[in-house]
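K.L.:
Sequence and predicted structure, then a few things I'm wondering about:
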Amino acid sequence: NKYIAAIWDKDNIFSKLNIYTCVECGFGMATPEPNNTHLIEFYKNVYRRKDSPFFIDFSRIDRPFYRDHRSLSQLLLVLNYVELKNNDIFVDVGPGAGYSYNELIETFGKNMLDLCAIEFSRNAGEYYKTLYNVQTFTDLNTLVKETKKKPKLLLSSHCLEHFNYQEAQEFLGLVKET
């Protein structure tokens, strides 16, 4: 199927792409595979810009005044399978406005877990640090190397589209090892 990128029609990164989908599992991928350097630049500079439907004003430092049911539901589900202890590392891959951090702090308290993000967007790291004391990285390898610990819990709600096919495979392999 032809890749239709109506909201990114000004950005050539997605022009002339097709989507191939596995009929067994539903996993899809863009072909030809987008250039990794272009993808990084897109998620760093374009994805959250002001005219994007995914814009977040990272200069506005306000914690949410309401509970985020999606994040809370994801965390409550995983807590059936994972026991979190003091100083365990929690990583959110593509945390958006950081609601998962807010829910963890509301649930466990302010300093129980070491909070990390994998994110490319400009100013996001400062925003997460100020609001939630989060360390931000651009890849899982660097995170593990710099924290010198393996993450106990990794939340990856909708991030595979941020990787090209080869990187998605490497990322999932690293998650399995970690």
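P.N.:
The structure has been received and is ready for your questions. Keep in mind it's a predicted model, so treat the numbers as computed, not measured.
K.L.:
now the longest helix seen in the chain: how far from the chain's centre is it?
P.N.:
Counting residues, the longest helix in the chain under DSSP state H turns out to be helix 165-177. Relative to the mean C-alpha coordinate of its chain, helix 165-177 is positioned 14 Å out (CA atoms, centre = their mean, to the nearest Å).
K.L.:
can you pull the buried residues of that helix?
P.N.:
167-168, 171 (16 or more other CB atoms under 10 Å). Quick note: C-beta positions are derived from backbone N, CA and C, even for glycine.
K.L.:
Looking at those residues, which is nearest Arg60?
P.N.:
Closest approach to Arg60 among these (CB to CB): Phe171, at 30.3 Å.
K.L.:
The closest one touches Leu140, doesn't it?
P.N.:
Yes - here Phe171 reaches Leu140: they are 6.6 Å apart, a contact under CB atoms under 8 Å.
K.L.:
who does the least confident helix or strand in the chain by mean pLDDT touch, helix- and strand-wise?
P.N.:
Least confident helix or strand, the chain: helix 165-177 with a mean of 75, by mean pLDDT, DSSP states H and E. Applying 3 or more CB pairs under 8 Å, 6 or more residues apart in numbering; DSSP states H and E, we find helix 165-177 packed against helix 140-147.
K.L.:
and the angle from the helix it packs on to helix 165-177?
P.N.:
40 degrees (axes from the mean of the first three to the mean of the last three CA atoms, to 10 degrees).
K.L.:
Could you tell me the average pLDDT over the helix or strand just after helix 140-147, please?
P.N.:
Following helix 140-147 in sequence order, the next helix or strand is strand 153-155 (DSSP states H and E). Across strand 153-155, the average pLDDT comes to 89.
K.L.:
List the strands paired with strand 153-155, with their directions.
P.N.:
Here strand 153-155 is paired, per DSSP bridges, with strand 89-93 (parallel).
K.L.:
can you give me how far the strand it pairs with is from the chain middle?
P.N.:
Taking mean C-alpha positions (CA atoms, centre = their mean), strand 89-93 and its chain are 9 Å apart.
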